[in-house]
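S.K.: generate coordinates for the sequence data below:
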Amino acid sequence: MTDEEFKTAEQAAWKPIETAPRDGAYVLVYPPTWNDMTCSIAQFDDARYAKNPRPFWRRIDDNNSTTRSRDNPPTHWRPMPAPPILLEESKT
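M.R.: Okay, the predicted model is just below:
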């Protein structure tokens, strides 16, 4: 696979945010309006227990704080990558 093919495949992995899971699963999101970050880990919160529910994306920032994003939601998402294979696991 060439570098250009890899880049194209990586870009194709991003999906419109409207198709993201709404079950509380963590996903990678692309937030073009969030402090110039390239991506962030987030989960959708439907706020079902709130008196006046306003669904939002709850994201984990690079300083490990949690931020709600109602007014500037992400535009794209992709599944979390699989964890790396540890050296001990690869010997079995």
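S.K.: near residue 56, how many other residues are there?
M.R.: By other CB atoms under 10 Å, 17 other residues sit near residue 56. Heads up, the C-betas are built off the backbone N, CA and C, glycines and all.
S.K.: list phi and psi for it.
M.R.: phi -160, psi 170 (degrees, to the nearest 10).
S.K.: give the bridge partners for it, please.
M.R.: Counting by DSSP bridges, residue 56 forms beta bridges with residue 45.
S.K.: for residue 50, see how far away it is.
M.R.: To residue 50, residue 56 is 10 Å away according to CB to CB, to the nearest Å.
S.K.: and if you look at residue 17?
M.R.: Counting by CB to CB - residue 17 and residue 50 are separated by 21 Å.
S.K.: go on, residue 70?
M.R.: In terms of CB to CB, residue 70 sits 12 Å off from residue 50.
S.K.: equivalent analysis for residue 19, please.
M.R.: Counting by CB to CB, the gap from residue 19 to residue 50 is 24 Å.
S.K.: same check, this time on residue 40
M.R.: From residue 40 across to residue 50, the span is 23 Å (CB to CB).
S.K.: and those two? which has more neighbours close in?
M.R.: More crowded of residue 40 and residue 50, by other CB under 10 Å: residue 40, with 20 against 10.
S.K.: unless I'm mixing things up, that one is touching residue 59, no?
M.R.: Yes - when contacts are counted by CB atoms under 8 Å, residue 40 is listed as touching residue 59 (4.6 Å).
S.K.: assess the claim that residue 14 and residue 78 are in contact.
M.R.: Yes - using CB under 8 Å, residue 14 makes contact with residue 78 at a distance of 5.3 Å.
S.K.: which outside residues touch the longest helix seen in the chain?
M.R.: Longest helix in the chain by number of residues (criterion: DSSP state H): helix 3-12. Residues outside helix 3-12 that contact it (CB atoms under 8 Å, 6 or more residues apart in numbering): residue 1.
S.K.: what about that helix, distance to the chain center?
M.R.: Its chain's C-alpha centre and that of helix 3-12 lie 19 Å apart, by CA atoms, centre = their mean, to the nearest Å.
S.K.: same question for stretch 8-19.
M.R.: With CA atoms, centre = their mean, you get 11 Å for stretch 8-19.
S.K.: sounds good, over and out.
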